[in-house]
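Trainee: sequence first, then the predicted structure, then my questions.
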Amino acid sequence: MWWENNFVNVKGKKLYLEDKEASKVAKAQGTPVYVYSKKQILSNFETLLNAFAGKTSLEVKLYYAMKANPHQEILKILKEVGACIDAVSPGEIAQALRAGFNADRIFFTGTSLSAEDLKLAFDQDDLVVNIDAEEQLELMKEVREKWFKHKKIKVAVRWNPGIGRGFNSKVVTAGDKTYEGMPIKFGVEDKKVIGTFTKASQYGFIPVGLHHHLGSGWTKQDFEAVKDAVDKMVQKAAEVQEQGFALEFLDFGGGFGPRFSLDQDNFPVKEYVEYICQRTKKSDLGVKTIAMEPGKYLAADAGALLVKVEYMKKSYNNIFACVNAGTFNTVPRPAIYAGAYHHIVNCSNVNYGKKERITVAGNLCETGDVFGKEIEMPVPKRGDILAVLCTGAYCKSMASDFNLREIPKEIII
């Protein structure tokens, strides 16, 4: 099957989670339940890190975007193999510290930050704070002067290069507006970058890096635009250094992920890494480090949600598998983002026998509470276990208790 990996695989006609029969895992743990794979997370991390091997002499840092999945054990797994953390809130900083990360391995990129947010971040020695707006510096200055007068605080600048890409308008994070017309709130406008570095230095901060993030869910069609953003990043870094600011690192953010569907035209991650390495080498900027912020790439295909079919329903020629979970409480992406797809398989009959178009419906009072619309699959029966795949990222971390339905437990195998 196109979706098989170290974690999800088929033996006979049954789904296995590594070496465990998925239906038996569901019976032992109860449903709904998230299941995560340490083996797949490590495989993804190694694959990405190896893409840099032999292509650059610079240090490579992979900052896990923990908003994808902040599970403590996942953080500990990644810590042990040398990952760093991309945190976007004080709560995520605290979670990373609890998992054993030193503050110098945490990059804090927040937006619309309060004085309390900044105070908590500045309190961590050697943590790098990413500046999201030139206007943010006034508040940063006030916090530093009030509580951290003589402290050396490293900062970077989140630059908005004017190029944004994402599978849905809601996840485009650069440019002036999304393709649906929503003004984009993130990053420092191009013409304000040098001024932001200058003001940060004048206010006693130590500028050390330049960062951008274009959006999430890139496909192959985005590659030329993403390469253009790399070129712009290298050019902007040169302009910054010409003004006397010695950059330690360039952070190219995240945006790429695993394969979610059969017809997905995957973003060429290895070619992207190679292009970054070529451009940074050719530029001779003198930076020490190349950074990236993978989130869903590391965690998404290392997770599966197991749900039980409570009954089958037919209505106006529609066939529904009615399951004991709701999207908002478990896998919000299909309900929030048009175009978000998670493949669904019957754990006891993955691909055997006559198929019908099945809509997998959740248990919430919401028409959009559908895990999958008219999926071609063998007709499930009452009591069957279905697996919703690629649910290791932006599922549990985005889940709510809508309708006062509980958020499922998580296990790691």
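Mentor: Structure received.

Trainee: elements contacting the longest helix along the chain?
Mentor: Counting residues, the longest helix found in the chain (DSSP state H) is helix 223-242. Contacts defined by 3 or more Cβ pairs under 8 Å, 6 or more residues apart in numbering; DSSP states H and E place helix 223-242 against helix 193-202, strand 206-211, strand 249-251, helix 269-283. C-beta: built from backbone N, CA, C; applies to glycine.

Trainee: let's see it at 10 Å
Mentor: strand 154-160, helix 193-202, strand 206-211, strand 249-251, helix 269-283 (3 or more Cβ pairs under 10 Å, 6 or more residues apart in numbering; DSSP states H and E).

Trainee: and Ser43, how many neighbours?
Mentor: 17 (other Cβ atoms under 10 Å).

Trainee: got the contact list for it?
Mentor: For Ser43, the contact set (Cβ atoms under 10 Å, 6 or more residues apart in numbering) comprises Asn5, Asn6, Phe7, Ser37, Leu298, Asp301, Ala302.

Trainee: what helix or strand is it on?
Mentor: Assigned by DSSP states H and E, Ser43 belongs to helix 38-51.

Trainee: chain center to the helix or strand just after that helix: distance?
Mentor: Following helix 38-51 in sequence order, the next helix or strand is strand 59-65 (DSSP H and E). Mean C-alpha position of strand 59-65 versus that of the full chain (Cα atoms, centre = their mean, to the nearest Å) differs by 13 Å.

Trainee: quick one: strand 59-65 to helix 38-51, angle?
Mentor: Computed with axes from the mean of the first three to the mean of the last three Cα atoms, to 10 degrees, the direction of strand 59-65 lies at 140 degrees from that of helix 38-51.

Trainee: for the following helix or strand past strand 59-65, buried residues please.
Mentor: Moving toward the C-terminus from strand 59-65, the next helix or strand (DSSP H and E) is helix 72-80. Buried positions in helix 72-80, judged by neighbour count with 16 or more other Cβ atoms under 10 Å: Ile74, Leu75, Ile77, Leu78, Lys79.

Trainee: and the third one, how far from Asn44?
Mentor: What that stands for is Ile77. Per Cβ to Cβ, to the nearest Å, Ile77 is found 11 Å from Asn44.

Trainee: now do stretch 201-209: distance from first to last residue.
Mentor: 13 Å (Cα to Cα, to the nearest Å).

Trainee: can I see the domain layout of this protein?
Mentor: The domain map for the chain lists 8-37+300-412, 110-294, with the assignment taken from automatic domain parsing.

Trainee: so how far is the strand of greatest length in the chain off the chain centroid?
Mentor: In the chain, assigned by DSSP state E, the strand with the most residues is strand 303-315. Centre-to-centre, strand 303-315 and its host chain are 27 Å apart (Cα atoms, centre = their mean).

Trainee: what does the helix or strand just after it rub up against?
Mentor: Downstream of strand 303-315, the next assigned helix or strand under DSSP H and E is strand 318-323. For strand 318-323, the external contacting residues (Cβ under 10 Å, 6+ apart) are 31-32, 305-314, 330, 344, 346, 356-363, 370-375, 377, 379-382, 384-386, 388.

Trainee: could you tell me which of the residues you listed belong to helices?
Mentor: Thr330.

Trainee: neighbours around the closest residue to Lys20 other than its chain neighbours, how many?
Mentor: Among residues not flanking Lys20 along the chain, Ile413 sits closest, at 6.4 Å (Cβ to Cβ, 6 or more residues apart in numbering). The number of residues packed near Ile413 is 14, by other Cβ under 10 Å.

Trainee: might one say that Ile413 is in contact with Lys24?
Mentor: No: judged on Cβ atoms under 10 Å, Ile413 makes no contact with Lys24 at a distance of 12.0 Å.

Trainee: what do those two both touch?
Mentor: Leu17.

Trainee: I'm done for today, thanks for sticking with me.
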